[in-house]
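Q: missing the sequence, but the structure's below:
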């Protein structure tokens, strides 16, 4: 058994626990009161391990809540960010708690991101790639990307007349087609876009 000889509140609002050997670890206020931690309290090594695990999970959960307050996150993306500050088990426990509370929803997140990317002129294929890169399940990403509205061919044409117009004017048709292909547009939509752009260019 190890006796808690001193408890000191930190500037961050946590409570540092000390034994005769010195500093042990810090816990949050809820953990302190929940487990009845007082100066003079004695705990086994197993109990102390549980206390630390409980407090670390709360700390990770608070960190996750701050991240979610800034913007929505997918489950894997949030876990990866938590792992920068906590061990994998603590990150997993925090994520599990948020999932249980309904604060994480990969399908809703994917749809929100898909709509935002579509507003920026991304093709459905590029949207799917980006969602997968953010840790969204492939099928969920595919479904979210497929649901966005808009004509892909007309979107490709707007890009040609905007971002790639200077290259079109220089006769760099193949360069523009390759750029659109890298953005995930189909060959048919690319062909339509560059043909329509060249036609309008010839009419000027």
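A: That came through, no problem. Here the structure is a predicted model, which is why all the values come from computation and not from measurement.
Q: can you name every helix or strand that the lowest-mean-pLDDT helix or strand in the chain contacts?
A: Scoring the helices and strands of the chain by mean pLDDT, DSSP states H and E places helix 187-203 at the bottom, with a mean of 83. Contacts defined by 3 or more Cβ pairs under 8 Å, 6 or more residues apart in numbering; DSSP states H and E place helix 187-203 against helix 152-161, helix 165-169, helix 173-182. For every residue, glycine as well, the C-beta is placed using N, CA and C.
Q: so which of these is nearest residue 42?
A: helix 173-182 (64.5 Å; Cβ to Cβ).
Q: tell me which residues of that closest one are tucked away?
A: For helix 173-182, a neighbour-count test (16 or more other Cβ atoms under 10 Å) marks 173, 176-177, 179-180 as buried.
Q: who does that helix touch, helix- and strand-wise?
A: So helix 173-182, by 3+ Cβ pairs under 8 Å, 6+ apart, packs with helix 152-161, helix 165-169, helix 187-203.
Q: before we move on, back to that, output the helices and strands packed on helix 187-203 in a markdown table, with mean pLDDT and distance to residue 23 appended to each entry.
A: What follows is these, written out as a markdown table (pLDDT from 0 to 100; distance: least, Cβ to Cβ, whole Å):
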| stretch | mean pLDDT | distance to residue 23 |
| --- | --- | --- |
| helix 152-161 | 89 | 59 |
| helix 165-169 | 90 | 63 |
| helix 173-182 | 93 | 54 |
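Q: distance to residue 19 added to these, as TSV?
A: Listed next are the helices and strands packed on helix 187-203 as TSV, based on distance: least, Cβ to Cβ, whole Å:
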stretch	distance to residue 19
helix 152-161	65
helix 165-169	70
helix 173-182	60
